[in-house]
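Chemist: I'd like to go over a predicted model; first the sequence, then the structure.
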Amino acid sequence: MARLYDSRKRILITGGAGFLGSHLSDRLLEQGHEVICVDNLFTGSKRNIDHLHNNPLFEFMRHDVTFPLYIEVDEIYNLACPASPVHYQHDPVQTTKTSVHGAINMLGLAKRLNCKIFQASTSEVYGDPSVHPQPEAYWGNVNPIGIRSCYDEGKRCAETLFFDYYRQHNLQIKVARIFNTYCPRMHHADGRVVSNFIVQALRGEPITVFGEGAQTRSFCYADDLVEGFIRLMETADDVTGPVNLGNPAEFTILELAQKVIELTGSRSEIVYEEMPQDDPKQRQPDISLAKSVLGWSPKIELEQGINRTIAYFRELLPELKSG
Ligand code: NAD
Ligand code: UDP
């Protein structure tokens, strides 16, 4: 239900034209808020927000968060950063700058406006974890000089900045550690595993499992995740996080490949490719904190979410529409 006019907020979402940012924009607009979407369209796309252009409460601003931004808003969700390993490794220096300079610029903005700021952190702060499942108290096992470090260490440094602004400037911060998320609107060439496998299966191409596929991930549907974002943003001032947000149902990558083949009815074969450097062997969120503090847990199961994502890609891919 739409909120009353006097409770309407003007909300900045950096990375708002990305996969998660566009779903968050939808949800906040449905709640009656104004959304300013700031994005440099590095991995995001205007297509993700096309349906919002006629909405008078929505505004798109092309801007790179590594440069300062001067606008007036009531809340900030800082999501700007490529999330797929293929994309964040494409220009690793820019990835670190986006996390670190982007955090400094957005924290500076929040300090000037004295407003709440949310950080989209990541399970990658745990690196290749030696504690399983991962609770927030675990400090992680991250290689500082590997090919994933631009993302992992950039996000870790952003968390440091958020907590220093909290301690030093009393800023209201909300830090979420997001685990693997999927849903319609992932880019078909995004390179992340769920979109890769579905697109390969629908095209009848080989499904590329890295290593033996024994590594695990836990996949959360974006609608569930966005609900967690908003609940965290609405918590009392003393709740800072970090809070894990993700679906604890854990699968091997091989199981995911088999599930996608089954649900698409594809004849694709599975091929095994070299395991990328520093690929985490296991990942599962401990969501006890999210349950107790936010009253949140994911509702959408893998099969249901994968079916919806398959339907999206069937509609999207032109060669499948004409075939
Ligand atoms: P995405 O790549 O679809 O979206 C990121 C958005 O940020 C894109 O629209 C991109 O163009 C924009 N962007 C990148 N650099 C920018 C810059 N310098 N200035 C302005 N905009 C910039 O990825 P996503 O999955 O939507 O991820 C959103 C956030 O959530 C990211 O911060 C990511 O690290 C975090 N996260 C996502 C996942 C996941 O599984 N989706 C998991 C953990 C963390
Ligand atoms: N992966 C895979 N085949 C692919 C893409 C990814 O086997 O075509 C594996 C990858 O090695 C990793 C897991 O799937 O173990 C998740 O990869 P993704 O890039 O989606 O996210 P990550 O969790 O590694 O950041």
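Modeler: Happy to help now that I have it. Ligands and ions are numbered 1, 2, ... in the order given.

Chemist: List, one by one, the residues from the chain near ligand 1.
Modeler: 14-15, 17-21, 39-44, 64-66, 79-83, 98, 102, 120, 122, 178, 180-181 (CB under 6 Å from any ligand atom). To be clear about C-beta, it is placed using only N, CA and C from the backbone, and glycine gets the same treatment.

Chemist: Pull the number of nearby residues for R8.
Modeler: 15 (other CB atoms under 10 Å).

Chemist: For E34, see how far away it is.
Modeler: R8 is 6 Å from E34, where distance means CB to CB, to the nearest Å.

Chemist: Could you check how many residues crowd around F118?
Modeler: 26.

Chemist: Where does pLDDT dip in the stretch 1-150 of the chain?
Modeler: Across the stretch 1-150 of the chain, the ranges flagged by pLDDT under 70 are 1-6.

Chemist: ok, which stretches of it are helices?
Modeler: 19-30, 85-88, 92-113, 149-169 (DSSP state H, counting those that start in this stretch).

Chemist: residue ranges of the strands in the chain, please?
Modeler: Under the criterion DSSP state E, the chain carries strands at the ranges 10-14, 34-39, 58-62, 75-78, 116-122, 173-178, 181-182, 207-210, 216-218, 220-221, 243-245, 250-252, 270-273.

Chemist: could the ones you listed be laid out in a markdown table, adding distance to ligand 2?
Modeler: Shown next, in a markdown table, are the strands of the chain (distance: least, CB to the nearest ligand atom, whole Å):
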| stretch | distance to ligand 2 |
| --- | --- |
| strand 10-14 | 20 |
| strand 34-39 | 21 |
| strand 58-62 | 27 |
| strand 75-78 | 19 |
| strand 116-122 | 8 |
| strand 173-178 | 11 |
| strand 181-182 | 8 |
| strand 207-210 | 4 |
| strand 216-218 | 5 |
| strand 220-221 | 12 |
| strand 243-245 | 14 |
| strand 250-252 | 9 |
| strand 270-273 | 7 |
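
Chemist: Compile those strands into a markdown table and extend it with columns for distance to M106.
Modeler: Output for those, formatted as a markdown table (distance: least, CB to CB, whole Å):
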| stretch | distance to M106 |
| --- | --- |
| strand 10-14 | 6 |
| strand 34-39 | 9 |
| strand 58-62 | 14 |
| strand 75-78 | 5 |
| strand 116-122 | 6 |
| strand 173-178 | 11 |
| strand 181-182 | 21 |
| strand 207-210 | 33 |
| strand 216-218 | 28 |
| strand 220-221 | 24 |
| strand 243-245 | 19 |
| strand 250-252 | 32 |
| strand 270-273 | 37 |
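
Chemist: Of all those, which one comes closest to L52?
Modeler: strand 58-62 (4.3 Å; CB to CB).

Chemist: Run me through the strand neighbours of that closest one, direction for each.
Modeler: strand 34-39 (parallel) (DSSP bridges).

Chemist: just the angle between the strand it pairs with and helix 92-113, please?
Modeler: Strand 34-39 runs at 150 degrees relative to helix 92-113, counting by axes from the mean of the first three to the mean of the last three CA atoms, to 10 degrees.

Chemist: For strand 34-39, which outside residues touch it?
Modeler: Contact with strand 34-39 is made by 8-18, 21, 25, 28-29, 49, 52, 57-63, 65, 69, 71, 73, 80, as judged by CB atoms under 8 Å, 6 or more residues apart in numbering.

Chemist: Check the offset of stretch 196-205 from the chain's centre.
Modeler: 22 Å (CA atoms, centre = their mean, to the nearest Å).

Chemist: Briefly note if that stretch comes near ligand 2.
Modeler: Yes: using CB under 6 Å from any ligand atom, stretch 196-205 reaches ligand 2 at N196.

Chemist: State the mean pLDDT of that stretch.
Modeler: On average, the pLDDT along stretch 196-205 is 97.

Chemist: Name the residues of the stretch 1-150 of the chain found near ligand 2, please.
Modeler: Near ligand 2, when you scan the stretch 1-150 of the chain using CB under 6 Å from any ligand atom, you find 84-85.

Chemist: repeat that for 5 Å
Modeler: P85 (CB under 5 Å from any ligand atom).

Chemist: again with the stretch 151-300 of the chain
Modeler: 192-193, 196, 208-210, 215, 253, 279.

Chemist: Now which of those would you call buried?
Modeler: With neighbours counted using 16 or more other CB atoms under 10 Å, these contain these buried positions: 192-193, 196, 209, 215, 253.

Chemist: Identify, from the residues you listed, the entry nearest to E269.
Modeler: Using CB to CB, those come closest to E269 at V209, 10.5 Å.
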